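A.B. asks: how would this look folded up:
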Amino acid sequence: MTQRIAEHNKDRDQQLAEIRKSLGSNSIVLIGLMGAGKTAVGRRLAACLDLPFTDADCEIEAAAGQSIKEIFAEHGEAYFRTGERKVIARLLENGPQVLATGGGAYMDPDTRAAIKEHGTSIWLKANLRVLMKRVGRRENRPLLQVDNPEAVMKKLMAERNPVYARADITVESREVPHEVMVGNIVDALSAQLADGGA
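C.D. replies: All right, here's what the predicted structure looks like:
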């Protein structure tokens, strides 16, 4: 049993080393709706791959000197998206890293093109029940500060899921420990490498 575990760990280490090597200076970019787990899973994925983790939303807030909620309230969504596009383009020059993006970032054609050029995109795809359970825990979702957040989330899913589906890799985001999700992503990255992708 101990030998089997040791062999599994050795295989996993080799798998992680191959993923890191294949990235070169490119980033792993997590996309998906709010509540999909991009930040929580991204942090653990970065630690697993021994890469830096960057949260685009935190970088946007640092650049603006305001919270995303404040930017939306004072300047509107269009202004926020322009800043988001610039910040993500800058961050993509700092690879390799694991980069978590905001829910709307991948909807921007310029951002999508930049991610394609400088990274491997991974869509964390979650169902409505999982998303609503997760976003209900936090107050910092400007798009959901409405009377019927579930209706908004359904609309966002209808609009965004077909675009998210263009990502290089799709991984189902489920109610499982984060380590399980990280393992699923690592396996998906390895499979893509085996197919000559990345």
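A.B. asks: Show me what counts as buried in stretch 178-196.
C.D. replies: For stretch 178-196, burial by neighbour count (16 or more other Cβ atoms under 10 Å) applies to 181-182, 184-186, 188-190, 192-193. To be clear about C-beta, it is placed using only N, CA and C from the backbone, and glycine gets the same treatment.
A.B. asks: And stretch 27-47, by the same measure?
C.D. replies: 27-38, 41-46.
A.B. asks: quick one, phi/psi of M34?
C.D. replies: phi -60, psi 140 (degrees, to the nearest 10).
A.B. asks: Skipping its backbone neighbours, what lies nearest it in space?
C.D. replies: Closest residue in space to M34, ignoring its immediate chain neighbours: G103 at 4.6 Å, by Cβ to Cβ, 6 or more residues apart in numbering.
A.B. asks: Show me the shaky parts of the chain.
C.D. replies: Scanning the chain for pLDDT under 70 picks out 1-9, 136-147, 196-198.
A.B. asks: Report the central residue of it.
C.D. replies: L30 (2.0 Å; Cα atoms, centre = their mean).
A.B. asks: Extract the C-alpha trace of the helix or strand harbouring that residue and format it as PDB.
C.D. replies: Assigned by DSSP states H and E, L30 belongs to strand 27-31. Coordinates of each C-alpha in strand 27-31 appear next as PDB, following Å, rounded to 0.1, in the frame of the first residue of the first chain:
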ATOM      1  CA  SER A  27      -0.600  31.200 -17.700                       C
ATOM      2  CA  ILE A  28      -3.400  28.900 -16.700                       C
ATOM      3  CA  VAL A  29      -6.500  31.200 -16.800                       C
ATOM      4  CA  LEU A  30      -9.600  30.200 -14.800                       C
ATOM      5  CA  ILE A  31     -12.900  31.500 -16.200                       C
END
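A.B. asks: Name the residues of stretch 78-95 that come out as buried.
C.D. replies: For stretch 78-95, burial by neighbour count (16+ other Cβ under 10 Å) applies to 80-81, 84-85, 87-89, 91-92, 95.
A.B. asks: what sits up against it?
C.D. replies: 23-27, 29, 52, 54, 56, 59-60, 63-64, 68, 71-72, 97, 99, 101-102, 104-105, 108, 110-111, 114-115, 117-119 (Cβ atoms under 8 Å, 6 or more residues apart in numbering).
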